[in-house]
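**Q** what follows is a predicted structure for the sequence shown.
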Amino acid sequence: MDRAKKEALVAELHETFETASLVVLTHQQGLTVSEVSDLRAKMREQGAGYKVTKNTLAKIALEGTKFEYLKDQFTGPTAVAFSVDPIAAAKVAAEFEKSAKEKFTIVAGGLDEKTLDAAGVKTLAALPSLDELRGKIVGLLQAPAGKVVGTLAAPAGQLARVFGAYGATAE
């Protein structure tokens, strides 16, 4: 790889680290091309990304970013999963780790300025996503409104039934 390509790759990685809320470092060894393609597709579906990187270039790209503290974690066959959503990349990586067994392992991660170990990334993956939380909040907000409408409609319904019964007996 020539110098211009390396500089472009470092700039792209630096931009990725600048915009991401979550970075998950993984080791992959023995994954087939189809398995990596499958992982990338799953990451894209969730709004995340996945890149296999050279450790030296990744360390240079980390300089001046909020994830600079992860430099020491770049050893061995490292790949980076990242997302703006603080849970998406962790969720996909944790699911993939279960299916890939020995070939793919989560090493560490970073959530903004906080370092996460492998267990921390897996704990983060167990949390509901931002969209799931939004759906729950909307459901909670709509439930009381439905109960209020039901409560207000109940006396009118009872009154209508009383008049109906009175009308039926009067006939």
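**A** Sure, I can see it.
**Q** what separates Ala160 from Gly167, distance-wise?
**A** Noted for Ala160: a distance of 10 Å to Gly167, by Cβ to Cβ, to the nearest Å. All C-beta spots, glycine's among them, are computed from the backbone N, C-alpha and C.
**Q** residues touching the residue most central in space within the chain, list them.
**A** Here the mean C-alpha position of the chain is nearest to the C-alpha of Ala88 (Cα atoms, centre = their mean), at a distance of 1.2 Å. Applying Cβ atoms under 8 Å, 6 or more residues apart in numbering, one finds that Ala88 lies in contact with Leu22, Met43, Gln46, Gly47, Ala48, Ser129.
**Q** with respect to Gly64, which of these is nearest?
**A** Nearest to Gly64, judged by Cβ to Cβ, of those is Leu22 at 18.5 Å.
**Q** surely that closest one touches Lys91?
**A** No: here Leu22 does not reach Lys91: they are 9.9 Å apart, not a contact under Cβ atoms under 8 Å.
**Q** which residues in the protein form strands?
**A** Here the chain has its strands, by DSSP state E, at 22-28, 48-52, 78-83, 104-111, 114-117.
**Q** out of those strands, flag the one nearest Asp72.
**A** strand 104-111 (9.2 Å).
**Q** which strands and helices sit next to the closest one?
**A** Packing partners of strand 104-111 (3 or more Cβ pairs under 8 Å, 6 or more residues apart in numbering; DSSP states H and E): strand 22-28, helix 88-100, strand 114-117, helix 118-126.
**Q** any idea which of these is most buried?
**A** Ranked by average neighbour count under the criterion mean count of other Cβ atoms under 10 Å, the helices and strands packed on strand 104-111 are headed by strand 22-28 at a mean of 24.
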